[in-house]
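Undergrad: Fold the following for me, if possible:
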Amino acid sequence: MCMPLNVEQFSVLRLIRTHHIGPQTLWKLMAQFHSAASIVENWPEIQANMKRKIDLVSEKIVITEIEKTFKSEARFLFHSDPSYPASLHSVADRPPVLSFKGTLALLAQKKVAIVGARNASSHGCRLAYLMAKELGRFGWRTVSGLARGIDAAAHQGSLESGTIAVLGNGIQTIYPEENKKLYEEITEKGLLLSEFSFDTQPHMGNFPKRNRLISALVQGIVVVEAAHQSGSLLTAQYGLEMGKDIFAVPGSPMDPRCCGSNRLIKQGAVLTESAQDVLEILDQGQWVPHYKENREKKKKILASEKKNESSILDFLSTVPLSVDELADLTQLRMDQLSSLLTDLELEGQIMKHPGNKVSRVLQG
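TA: Next up, the predicted model:
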């Protein structure tokens, strides 16, 4: 095949796929040799000064990964690419290359993470879904880990506005299997990201790396239902270290799924019950005008209701009048009239009578 990567990119991929060379080791070598190609070229000399013998992965294995990645319609995003997220450049162990499927432009937009329990409650999942959907209305893209439970609900809520799934496995590995349809929908409408080789299987050691990548990509992290020792708490911890805003949804102290998120609130996380709580911190520029606009709309609605209530009272006396006749006189819809009559009754201004009739109550 025609090699889609240049020498430097190929060298980066070869180095990072070599056992015992992680991001931090690679960045230290890059600082010394200035390019991955130079590291590969000088590897015998570098190896001679190492305590541990490390053999670079073969070119054949790297070529196989490139071929299979491109065949699956995934692509590579290297640290030198303009589309590589700016927020990752300050992370010491940032991945030098990512694999992706979907819309890369989502990385340049405002992002918030919504993470939580795999064995989440139906209420927790519903809240994560609605929060992601509402945040999407304000231009925020939801980032999560494609796990079952809260992660899946957050992705589903943000499919239409743009969702980013960071994987703890290779880009071609679907995990869990129950999220296969969601994986395909995100490929079509959102973005899938992985720092692992294309066919890497899920492993416990991968998920902390995934969680730190989620934390680095976003401006804030919302935790919905997290147990005492939860990966979501690790995501929040990484976020705190990176200076991100942390939000937590409170839960019952009797529910072990909420022990971790409740503790975050005790430690200073923003108590969060809706997308509004997130927007008030992260996006005041958009939320405050929206709040003011809604407040003005509510004022107009209240003014209109008061006008209609006044109209109703004008047609009423102490003599009972049928609601049907009152609807004809006021020209109000029956559902609207019923609602206003309930309000007036609660205010003590009208009285209801048998036969679906109402009368006005004399005040004072």
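
Undergrad: contacts, neighbours, all on C-alpha from now
TA: Fine.

Undergrad: Tell me, how many residues neighbour residue 354?
TA: Applying other Cα atoms under 10 Å, we find 8 residues neighbouring residue 354.

Undergrad: Need the per-residue pLDDT for it.
TA: If you check residue 354, the pLDDT there is 92.

Undergrad: Could you measure from it over to residue 333?
TA: 21 Å (Cα to Cα, to the nearest Å).

Undergrad: Next: residue 190.
TA: Relative to residue 333, and taking Cα to Cα, residue 190 is found at 44 Å.

Undergrad: Which residue of those two possesses the greater neighbour count?
TA: residue 190 (26 against 10).

Undergrad: Quick one: residues contacting that one.
TA: 102, 103, 106, 159, 162, 163, 164 (Cα atoms under 8 Å, 6 or more residues apart in numbering).

Undergrad: Thought residue 142 was touching the third one, still the case?
TA: Put plainly, it is residue 106. No - using Cα atoms under 8 Å, residue 106 makes no contact with residue 142, being 9.8 Å away.

Undergrad: Overlap in contacts, the two.
TA: 162, 163, 164.

Undergrad: Which of residue 106 and residue 142 has more residues huddled nearby?
TA: residue 142 (32 against 19).

Undergrad: Next, the contact list for the nearest residue to residue 250 once chain neighbours are set aside, please.
TA: Spatial nearest neighbour of residue 250, excluding adjacent residues (Cα to Cα, 6 or more residues apart in numbering): residue 262 at 5.5 Å. Each residue near residue 262 by Cα under 8 Å, 6+ apart is listed here: 248, 249, 250, 251, 253.

Undergrad: Just the buried residues of these.
TA: Among the contacts of residue 262, those buried by neighbour count (16 or more other Cα atoms under 10 Å) are 248, 249, 250, 251.

Undergrad: surely the second one meets residue 225?
TA: Yes - taking contacts as Cα under 8 Å, residue 249 lies within contact range of residue 225: 7.0 Å.

Undergrad: got a list of what residue 40 touches?
TA: Neighbours of residue 40 in contact, by Cα under 8 Å, 6+ apart: 11, 15.

Undergrad: Also residue 317?
TA: With Cα under 8 Å, 6+ apart, residue 317 has these contacts: 359, 360, 361.

Undergrad: With pLDDT as new columns, can the contacts of residue 190 be given to me in JSON lines?
TA: Conversion of these to JSON lines gives the following (pLDDT from 0 to 100):
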{"residue": "102", "pLDDT": "96"}
{"residue": "103", "pLDDT": "96"}
{"residue": "106", "pLDDT": "97"}
{"residue": "159", "pLDDT": "95"}
{"residue": "162", "pLDDT": "95"}
{"residue": "163", "pLDDT": "98"}
{"residue": "164", "pLDDT": "98"}
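
Undergrad: partners of the residue nearest the centre of the chain in the sheet?
TA: Nearest to the mean C-alpha position of the chain, by Cα atoms, centre = their mean, lies residue 142 at 2.6 Å. On the basis of DSSP bridges, residue 142 is bridged to residue 112, residue 163.

Undergrad: and the gap between it and residue 341?
TA: When residue 142 is compared with residue 341 (using Cα to Cα), they lie 44 Å apart.

Undergrad: That'll do, ta.
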